[in-house]
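Engineer: Here is my input; please provide its structure:
(chains A and B)
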Amino acid sequence: MKAKMKKTARKAAPTEPDAHYDLRLYVAGQSPKSLAAFANLKELCEVHLAGKYRIEVIDLLKKPQAARDDQIIAIPTVVRRLPQPVRKIIGDLCDERRTLIGLELSEKIES
Amino acid sequence: MIQRKSVTKNRSLPKSPTGIAGLDEITGGGLPKGRPTLVCGSAGCGKSMLGVEFLVRGALQYNEPGVLMTFEELPEDVVTNARSLGFDLDKLVAQKKLFLDYVRVERNEIQETGEYDLEGIFVRLNYAIESTGAKRVVLDTIESLFTGLTNAAILRAELRRLINWLKEKGVTAIITGEQGDGTLTRNGLEEYVSDCVIVLDHRVIDQVSTRRLRVVKYRGSTHGTNEFPFLINENGFSVLPISSLGLAHDVSNERISTGVKRLDGMLGGSGYYRGSSVLVSGTAGTGKSSLASYFVNAASKRGERSLYFAFEESPQQIIRNMRSIGLNLEPSVKKGLLRFQASRPTLYGLETHLAVMHKEVKEFKPDIVVIDPISNLINTGSPTEVRSMLLRLVDFLKSQQITALFTSLSSPDMKSLEQTDVGISSIMDTWLLLRDIELGGERNRGLYVLKSRGMAHSNQIREFLLTDQGIDIRDVYVGPEGVLTGSMRLAQEARERAQTTARQMEIEAMQRRLERKRVAMEAQIAALKAEFQGEEMEIARELNQETQLVNQLQMDEVAMARSRKADKLIARRNGNNGIEVV
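Structural biologist: Numbering: from 1, shown residues only, chains lettered A, B, ... in the order given. The predicted structure follows:
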């Protein structure tokens, strides 16, 4: 059933090419991995989602309860809050292809 | 004793008491303080329950707040499950004594790309620990991460870091793990958590399940290495350290009545020793339960508490049946002096039965325990298992100064009557044997004391009667006709009475004859006497006549001589006869 949902979500994404992307990056302090993730994410968004994205960085060392509220396990984690459904990508986002799959922007790979 | 040991051990290795009945005894005081403990086992073996109870007891009994981080169960489910054990987690959460955190790891929600760490979990744990001041942490089951995340190398490194971090934090942690194929845990958690490893097991043998716990490893501390049965019931988790305590228990010289006067008489005049173990064995329907009930009733009259484990009949049935022999157990039950604990032997395995009995005994604190019958339990295990279980049960009861009465159903085969119980007879102090005596077309019950340690007991077979008025013990007839019971005994007794009466009459007749003879003899004597008297008078008269005649003759002679003037003759005669010569 979840596989089905995924499919419909993937189909839904291209129908709304102008959808706004609300992204959150969870980090814990200024670790190299977090910095790398932020840089990679920013670059990717500029390339593929110019003008229709927002990145909010949350430092869990400052807001620890956010980890529980948003079900964060790993650091760094990018959460795609909008468009629905919520997607999570963990890691430093060094693999652009996988990051795009994670953000369900896979059609951008071909383009 | 165990408690004292743990105190001395605490000096070398600080321990954190779990508060779980029995577990602290096995581990000598609890889990290693400030270190993680691995609890592993297959699905449904009670790992999570152990963790939850560890936290709840910590919060309630030791004032140590705790953190429960679940990876599989939703917090609502955890709360519901804990409620079935009588724990109110919501209240503890509200009091800030417990922090629940559910970590959801959904593989298809998460995309992995590149390097990451599990700092998120660290942050969450840290927040939970800091906000409650937690001293205890349970991670249930952290292995779920392996199914949610694919990079095993990162996970392993992070787990190692997490364990070390927990140690640095100084919290006592329980980390649960699913049992793997041939390994303790599926993902080798035992490599990281090596201070203390507890394995839980849920085994089914012959369709009977038994939960067991074993401390596989406890670094820096001695611990019980055996498998111990444990229970999860409405009062939570309880492990029962059931091991032979040795033979050092106190003995009592106090005697307690069996409830049957004649039986007391057979047992040296005053009954069983307090704290001894009594076996009542016999074939079906010989009155074993009745004897047990009498014992229990006598205890109730003395104001003592009895615990009756019934494995064959329901309490109501026992009460009804005992009423038919004039014994009403109901008031004792109402007064709380008697408690029945009825269950089918097949309900649990042998060890669990033992565990349940331990628990009941510890709760009810009885003076007397009856197990009726033990033979049903025997059928649920192998002879060696049964023997070791009984040994431990008897040891346990003796150490508590509880008098135990076991009934045992033996097979009706006369030869095996004593053999079947040989396995357990050596651990019994008193053994009463009830047997059928089949004679003259009827079965009667015979009772004798096979053995009774430390008292002069009767070696006689007695007839054991169950009447409306209760148990009656009678002497059996032992005579030239052999041992007779029942109506044969009555008939024989009647016959003997008749014989005695006949003899009595014979004696009386002889006495009368003797009297008659004496009377006859005395009559004869009287007649002879009378005859003699008659003759005596006659003879005396004749004698008198003769004497007078002689005197007359002499006087005549003197007169003649005087007339003849014969002096010499007269003088001589005078000198001889003294006859005065005038």
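Engineer: drop to CA atoms for contacts and neighbour counts, all remaining ones
Structural biologist: Will do.
Engineer: Number of residues surrounding residue B:122?
Structural biologist: 20 (other CA atoms under 10 Å in any protein chain shown).
Engineer: Sorry, wrong one. I was asking about residue B:232.
Structural biologist: 15.
Engineer: helix/strand/coil for it?
Structural biologist: Recorded secondary structure, residue B:232: strand (DSSP: H, G, I helix; E, B strand; the rest coil).
Engineer: Give me the secondary structure label for residue A:23.
Structural biologist: strand.
Engineer: For the longest helix out of those in chain B, give the mean pLDDT please.
Structural biologist: Across chain B, the longest stretch assigned as helix under DSSP state H is helix B:486-564. Mean per-residue pLDDT for helix B:486-564: 91.
Engineer: other SSEs contacting it?
Structural biologist: Secondary-structure packing of helix B:486-564 (3 or more CA pairs under 8 Å, 6 or more residues apart in numbering or on different chains; DSSP states H and E): strand B:442-452, strand B:477-479.
Engineer: starting at the chain centroid, how far to that helix?
Structural biologist: 79 Å (CA atoms, centre = their mean, to the nearest Å).
Engineer: Then stretch B:397-410?
Structural biologist: The answer for stretch B:397-410 is 1 Å, by CA atoms, centre = their mean.
Engineer: Just the buried positions in that stretch, please.
Structural biologist: B:397-410 (16 or more other CA atoms under 10 Å in any protein chain shown).
Engineer: can you give me the end-to-end distance of that stretch?
Structural biologist: One end of stretch B:397-410 to the other measures 24 Å (CA to CA, to the nearest Å).
Engineer: Name the residues that touch it?
Structural biologist: For stretch B:397-410, the surrounding residues in contact (CA atoms under 8 Å, 6 or more residues apart in numbering or on different chains) are B:249-252, B:273-284, B:288-289, B:292, B:366-375, B:394, B:416-417, B:420-421.
Engineer: repeat for stretch B:289-308
Structural biologist: Against stretch B:289-308 from outside (CA under 8 Å, 6+ apart): B:257-260, B:322, B:327, B:329, B:332, B:336-341, B:361, B:364-372, B:405, B:407, B:471.
Engineer: So how do I select the buried members of the residues you listed in PyMOL?
Structural biologist: Here is the PyMOL command that selects only those of the contacts of stretch B:289-308 that count as buried (16+ other CA under 10 Å):
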select buried, chain B and resi 257+258+259+260+322+327+329+332+337+338+339+340+341+361+366+367+368+369+370+371+372+405+407+471
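Engineer: Looking at the contacts of stretch B:289-308, which are in strands?
Structural biologist: Those of the contacts of stretch B:289-308 mapping onto strands are B:338-341, B:368-372, B:405, B:407, B:471, per DSSP state E.
Engineer: Would you mind naming what in chain A lies close to chain B?
Structural biologist: Neighbours of chain B within chain A, by CA under 8 Å from any CA of the partner chain: A:28, A:33, A:60-61, A:64-65, A:67-68, A:71-76, A:86-95, A:98-99, A:101-102.
Engineer: returning to that earlier point: packed most tightly, which of the helices and strands packed on helix B:486-564 would that be?
Structural biologist: Comparing the helices and strands packed on helix B:486-564 by mean neighbour count (mean count of other CA atoms under 10 Å in any protein chain shown), strand B:442-452 comes out on top with a mean of 20.
Engineer: other SSEs contacting it?
Structural biologist: strand B:430-439, strand B:462-467, helix B:486-564.
Engineer: May I see the buried residues of the one helix or strand residue A:80 maps to?
Structural biologist: Assigned by DSSP states H and E, residue A:80 belongs to strand A:77-82. Neighbour counts over strand A:77-82 (16+ other CA under 10 Å) mark A:77-80, A:82 as buried.
Engineer: cool, and stretch B:284-292?
Structural biologist: Under the neighbour-count criterion of 16+ other CA under 10 Å, stretch B:284-292 has B:286-292 buried.
Engineer: Low-confidence regions, chain A specifically.
Structural biologist: Applying pLDDT under 70 to chain A flags residues A:1-18, A:106-111.
Engineer: if we go to 50?
Structural biologist: Applying pLDDT under 50 to chain A flags the ranges A:1-15.
Engineer: hey, where'd the helices end up in it?
Structural biologist: Using DSSP H, helices in chain A cover A:2-15, A:32-48, A:65-69, A:96-102, A:107-110.
Engineer: so how far is the second one from its chain's centroid?
Structural biologist: For helix A:32-48, the gap between its own C-alpha mean and the chain's C-alpha mean amounts to 10 Å (CA atoms, centre = their mean).
Engineer: pLDDT value on the closest residue to residue B:236 other than its chain neighbours, please?
Structural biologist: Once flanking residues are discounted, residue B:236 sits nearest to residue B:85: 4.9 Å by CA to CA, 6 or more residues apart in numbering or on different chains. Residue B:85 is assigned 83 on the pLDDT scale.
Engineer: neighbours of residue B:85, just the number please.
Structural biologist: With other CA under 10 Å as criterion, residue B:85 counts 17.
Engineer: does it count as helix, strand or coil?
Structural biologist: coil.
Engineer: neighbouring contacts of stretch A:69-83?
Structural biologist: A:19-28, A:33-34, A:37, A:67, A:86-92, A:103, B:103-104, B:116-121.
Engineer: hmm, 7 Å instead?
Structural biologist: For stretch A:69-83, the external contacting residues (CA atoms under 7 Å, 6 or more residues apart in numbering or on different chains) are A:19-28, A:33-34, A:37, A:86-92, A:103, B:103-104, B:116-121.
Engineer: Out of those residues, which end up buried?
Structural biologist: A:21-28, A:33-34, A:37, A:87-92, A:103, B:103-104, B:116-121.
Engineer: can you redo the buried residues of stretch B:284-292 as CSV with secondary structure and pLDDT?
Structural biologist: Listed next are the buried residues of stretch B:284-292 as CSV, based on DSSP: H, G, I helix; E, B strand; the rest coil; pLDDT from 0 to 100:
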residue, secondary structure, pLDDT
B:286, coil, 82
B:287, coil, 85
B:288, helix, 87
B:289, helix, 87
B:290, helix, 89
B:291, helix, 89
B:292, helix, 90
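Engineer: now, among those residues, which is nearest to residue B:269?
Structural biologist: residue B:291 (17.1 Å; CA to CA).
Engineer: Get me the contact residues on the stretch 101-250 of chain B for chain A.
Structural biologist: Within the stretch 101-250 of chain B, the positions adjacent to chain A are B:103-104, B:109-121, B:123-124, B:127 by CA under 7 Å from any CA of the partner chain.
Engineer: can you rerun that using 8 Å?
Structural biologist: B:101, B:103-104, B:109-121, B:123-124, B:127.
Engineer: Among those, which ones are in strands?
Structural biologist: B:101, B:110-112.
Engineer: ok, so what distance separates the residue nearest to the spatial centre of chain B from chain A?
Structural biologist: By CA atoms, centre = their mean, chain B has its centre lying nearest to residue B:404, at 1.4 Å. Distance, residue B:404 to chain A, using CA to the nearest CA, to the nearest Å: 56 Å.
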